[in-house]
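Got a sequence here, can you model it:
(chains A and B)
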Amino acid sequence: MNRHWGSVLAVAVVLGATPAAAAPAPRVSATGHDIVTTKIADGIYQFMTVRDAYVRQLNSVAIEMQRDVLVFDTNTRPSTARLILQEIRKLTNKPVRYVVNSHWHPDHWSGNEVYADSFPELEIIATRKTLEFMQNVAPNWPAKFRGELAQRRAALEKEIATGKQDDGSVLTADQRSRDEADVRDYASFVDEATTLRRVYPTLTYDVELVLEHGGREIQLISTTGDAEGTTVLYLPHEKVLVTGDAISYPIPYITPPPTRQAEALGRLAELDADIIIPGHGPAFRDKSFLELERSLLVSVTKSVREALRNGAQTLDEVQKSVTADDLRVQFTHDDPDLDARYRDRVRVLVKLAAREARDGQDLP
Amino acid sequence: MCARRATRLCAWALAALSVAISSTSCADTVTTRQRTVTQVANGVYVIRHRDSPDGNVNGNTAVIIGEQRVLVVDSCFQLSAAADDIAQIQRWTKKPVAFLLITHWHNDHNMGSGLYKAAYPDLEVVSHSTTKRDMYRTPVTPSRFEQQIATRERQLASGRDANGKPLTASDSVALRQKIAGKKQVLAELHDFVYQAPTLTFEHELDVDLGGREVQLLHLGRGPTSGDAMAFLPRERVLIAGDLVTHPILFTYDGYPSEWVTTLDRLLELAPTTVVPGHGEVLHGVEYLRLCHDYLANAVDQVAGQLRQQTATIENPSLDAVRKGVDLAAFRARFGGSDSDNLEAFDDANEALIRVVYHEAMHNQ
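Got it, this is the predicted structure:
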C-alpha cells in the first residue's frame, strides 16, 4: 500500500535548494495531518498539507491584502481547511474575502464551507467550466468514496489474512500498522466527505479575471491543468505564480488531451514569475520543474504519434515502446516507489496521448 | 398621453409611493426632466435620472438585490444623482452593494463610482478589460469643466461664438444657462474621486447574489470596444448599457458592423425586458430589433455605395456616399412625431453614416 511516502519527503529534502524559502517544522494536527507553513513573500503564505487521506503535499495559499485575505484552494475536507484557517488567523485577523477554487477535483475545494460559514461576505471564484464540472461530478462522490473505502478495507484484510502485501512481499508489523493507520485516515476522510456541505463558486468567469484589490493586482487565468478550466493565479508585481494542478510534484497529474496541457504549460512558462507554487509540492524558485513536466508531455505525445505511424496495433504495444525513461530519474531520483508511480503515470499518459492522436478512439 | 404630463404624473406617484411600477410604455423623449424609478422584477429596479444641469445626460442605473448582496449597473454622471441612488438603495435594503458593473467608459455611466466605493468599502467595480483602459485614458477632471466655463465666459464677454459669429440675444441666454449649469456640475465635481474598475473580465462573469444569478456579458463591440451588459437568466431581464438607447440610438461612435452582430447575440438571449442605457424600460424585443435593423441597413447601404462608387472613383468621399444612403424609413420609427426626437434622430443618423463610412474605409 502506501509505502513510498517516507521516501517522497526525503526527496523533498534532497531538493532543498528548490523550495522558495526554508520551511519551518511541520505543525501536526489533531488528526495527524502535518501542515507546513512557508512565507513566500510579504503577505503571501503557502500551507502545505503533507498528507491527508489519498493526497500528499497539497497546497493552499493565502494572500493578504490591505483589508482582507484571498485563499487559493480549500483542501480535501473541512477539518483540514479549518486547520489552515487557524494558521491564517495566527498571521492576520483580517477576514477572508475571496476563495479561489483552482479546479473541480475534490482535494481543492472540499473545505469551501469553512470559509463560507466564517465570512458572510465571501466570494468564491472559479471558471464557469469548473463550476459546471463540480455540479456534474460532486453528487457522485459519496458513493465513489464509500466504494473506495470498501476496496481499501478488503485489501487490508487480505494482506492481514495472507501475511503478504499485494506485490508478494512479507507484511511486516510496521507496515501493517502503517496500512491500518492509512485505512483509518481514509475512513475518517470518507466520513467527512460524505457529510460535508458542498459550497459552490459564486463568481465564475471564462477567460481571465483581473482583480485589483487591497493594493494588489491579482490575475486569474483559465488554462488546462490536470482538469479543463483550471484557474492559475498570477501576481505580476510580486512575480508569483500559483498553478493549481497545472503543475504538480513529484509526479505530474495528467488530463486529456495532453497536448492542451503541454500548450498551457508553454504559456505559463512565458509569465514573468520568480516563484511558482504548484498544486502539490514545494514552491519552486525557477521554472525547471515546469519545463520538466512540459517535456514529459511533449516527448510522450510525440513518441506515441511515431509509434502509431509505425504501425503499433495495441495500446500495450505503444505503452511498451513509449516509457519516457530518459526523463524518469529527473522526477524520481531513482526512488523505487516513485519509479513505480512514474511508470504507472506514463502508461496513463500514453493511453491519453494515443486517444487524442486517434481523435478520441482508444486502441484495442 | 403627452410625455411631459406623464412624467409629472410619474413624479407625483413617486412622491406618494417612492417606487412607481410602470408597465405601459408612453412616448419617450430624448430629454429627461424627472427622476423615475421602475421595478422590472422582484428586487430589480431601474432608476432613470433627470438630465444634468449642463445639459449632459445621465445614464440609467439598475439595482439588482439578491438574498445576500446587491449588484448595481452604472453609476451615472452627476454625483448628486448617484448619491440619491445610494440613499434610495439603502432604503430598499441593508444588504451591501458588492458589485458595480460599469457598462462602458462614457462618463455619463461611471462618474458616481467613487461614491459607491465610499459607501460600500468592500465593493468591486467590474468592467470589461478595455473599458478600464479607456476610462483611464479619458479621465474627467474638474479642470476640464473649468476650461469649458472659461471658454464660454470669454464668448459671452466678446459677444462672439467659437467661430467668431456674433451672438444673438437668445444665443447669449442659452450660453448663460449653459455656464450656470456647468458651474453647478463643477461644484459637485470638487468631491469627485476617480474610481477605476477593480475587477475586469473578457467575455463573461457570472455572479451569484444569493438565490439570484446575474450574468455579466461582453458579447462583442458596439458603441465602444468594451460594452458589457447584465442579464438575469431567470427573469429574462437584459440591462443593455448603450448598446440600446431609447428613443434614439446614440450612434456617434463605435463599431457599427460589429454592433449589428452583437445585437444579434442580445436577441438570442430572448429577453422579455430590455433596460436601455438611456430612456425608458422596454418590454419585448421590438425596439432591440429596430436598432438592429437600422444599424444593419446603414452598414449595408454604405457598403453598397462604396462598391458602386469605387468602380469609377478610387476613394469615394463621405459626402458622395452619404448622397446614396437613405435611412428615412427609420426616422418616424425612432422619432415618432416629437420634434425634439426627430431632430435628435437626424443628428445621430448623420453621425452614423460618417461612423459607418470610416469603419468601412478603415476595413478596406
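
got a list of what B:Ala332 touches?
B:Leu342 (CB atoms under 8 Å, 6 or more residues apart in numbering or on different chains). (C-beta placed from N, C-alpha, C; glycine too.)

Which of the three states applies to it?
helix (DSSP: H, G, I helix; E, B strand; the rest coil).

try B:Val30
B:Val30 ends up coil, using three-state DSSP.

Tell me, how many residues neighbour it?
Neighbour count for B:Val30, taken as other CB atoms under 10 Å in any protein chain shown: 23.

Would you agree it is in contact with B:Pro247?
Yes - contact criterion CB atoms under 8 Å: B:Val30 and B:Pro247 qualify, at 6.6 Å.

what residues do those two have in common as contacts?
B:Asn341.

For the residue most central in space within chain B, which non-adjacent residue is closest in space?
Centroid-nearest residue in chain B, with CA atoms, centre = their mean: B:Gly277, separated by 3.8 Å. Spatial nearest neighbour of B:Gly277, excluding adjacent residues (CB to CB, 6 or more residues apart in numbering or on different chains): B:Asp242 at 3.7 Å.

List, one by one, the residues from chain A near chain B.
A:67-68, A:97, A:120-121, A:123, A:128, A:131, A:200-213 (CB under 8 Å from any CB of the partner chain).

now with 6 Å?
Taking CB under 6 Å from any CB of the partner chain as the criterion, chain A approaches chain B at residues A:121, A:202-213.

Looking at those residues, state which has the most neighbours.
A:Tyr205 (29 neighbours).

wait, doesn't the residue nearest to B:Gly277 sit right on B:Pro223?
Yes - assessed by CB atoms under 6 Å, B:Asp242 is found in contact with B:Pro223 at 4.8 Å.

Show me the shaky parts of the stretch 101-250 of chain B.
Along the stretch 101-250 of chain B, the model assigns pLDDT under 70 to no residue.

the helices in it, which residues?
Taking DSSP state H, counting those that start in this stretch to define them, one finds helices in the stretch 101-250 of chain B at B:113-119, B:129-137, B:142-158, B:169-189.

what does the last one contact?
Under the contact criterion CB atoms under 6 Å, 6 or more residues apart in numbering or on different chains, helix B:169-189 has outside partners B:Ser52, B:Pro53, B:Asp54, B:Leu79, B:Ser80, B:Pro142, B:Phe145, B:Gln148, B:Ile149, B:Arg152, B:Leu156.

Please apply the same query to the second one.
Helix B:129-137 is contacted from outside by B:His104, B:Trp105, B:Pro197, B:Thr200, B:Ser225, B:Gly226, using CB under 6 Å, 6+ apart.

Adding distance to chain A and neighbour count, write the residues you listed out as TSV.
Below are the contacts of helix B:129-137 laid out as TSV (distance: CB to the nearest CB, whole Å; neighbours: other CB atoms under 10 Å in any protein chain shown):
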residue	distance to chain A	neighbour count
B:His104	17	28
B:Trp105	16	23
B:Pro197	8	26
B:Thr200	5	27
B:Ser225	16	19
B:Gly226	13	24
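
which of those residues sit farthest apart?
B:Pro197 and B:Ser225 (14.3 Å; CB to CB).

So A:Arg97 lies in a helix, does it not?
No - A:Arg97: not assigned to a helix; according to three-state DSSP it is strand.

And for the residue lying closest to it once chain neighbours are set aside, the neighbour number?
By the measure of CB to CB, 6+ apart, the closest residue to A:Arg97 outside its immediate chain neighbours is A:Asp68, 3.7 Å from it. Using other CB under 10 Å, A:Asp68 is surrounded by 19 other residues.

quick one on the thing from earlier: any of the contacts of helix B:169-189 buried? List them.
Neighbour counting by 16 or more other CB atoms under 10 Å in any protein chain shown classes B:Ser52, B:Pro53, B:Asp54, B:Leu79, B:Ser80, B:Phe145, B:Gln148, B:Ile149, B:Arg152, B:Leu156 among the contacts of helix B:169-189 as buried.

In terms of pLDDT, where does the second one sit?
Read that as B:Pro53. Reading off the confidence values, B:Pro53 has pLDDT 89.

ditto for the fourth one
Reported pLDDT at B:Leu79 in the predicted model: 93.

What degree of burial does the residue nearest to it when sequence neighbours are not counted show, as a neighbour count?
Once flanking residues are discounted, B:Leu79 sits nearest to B:Glu188: 4.4 Å by CB to CB, 6+ apart. Using other CB under 10 Å, B:Glu188 is surrounded by 20 other residues.

Next: the one 4 residues further on.
B:Phe192 is surrounded by 18 other residues when neighbours are defined as other CB under 10 Å.

so how far is chain A from it?
20 Å (CB to the nearest CB, to the nearest Å).

List the residues that contact that residue.
B:Phe192 neighbours (CB under 6 Å, 6+ apart): none.

re the thing from before, burial count for the residue nearest to B:Gly277?
25.

which ones are touching it?
B:Pro223, B:Phe250, B:Gly277.

try 10 Å this time
B:59-60, B:74, B:103-104, B:106, B:108-109, B:222-224, B:227, B:229, B:249-250, B:253-254, B:276-278 (CB atoms under 10 Å, 6 or more residues apart in numbering or on different chains).

What's the separation between the residue nearest to A:Arg97 and B:Lys183?
41 Å (CB to CB, to the nearest Å).

Do you have the helices of the stretch 1-150 of chain A handy? List them.
A:5-14, A:78-91, A:112-118, A:128-137, A:141-162.

Of all the ones you listed, which one is nearest A:Glu238?
The nearest among the helices of the stretch 1-150 of chain A, by CB to CB, is helix A:78-91 at 16.5 Å.

now for that closest one, which elements pack on it?
In terms of contacts (3 or more CB pairs under 10 Å, 6 or more residues apart in numbering or on different chains; DSSP states H and E), helix A:78-91 is packed against strand A:27-28, strand A:34-41, strand A:44-52, strand A:55-64, strand A:69-72, strand A:96-100, helix A:112-118, helix A:173-193.

Using TSV, lay out the ones you listed together with mean pLDDT and distance to A:Ala227.
Converted to TSV, these look like this (pLDDT from 0 to 100; distance: least, CB to CB, whole Å):
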stretch	mean pLDDT	distance to A:Ala227
strand A:27-28	54	29
strand A:34-41	94	24
strand A:44-52	94	19
strand A:55-64	96	15
strand A:69-72	98	15
strand A:96-100	98	14
helix A:112-118	98	16
helix A:173-193	93	18
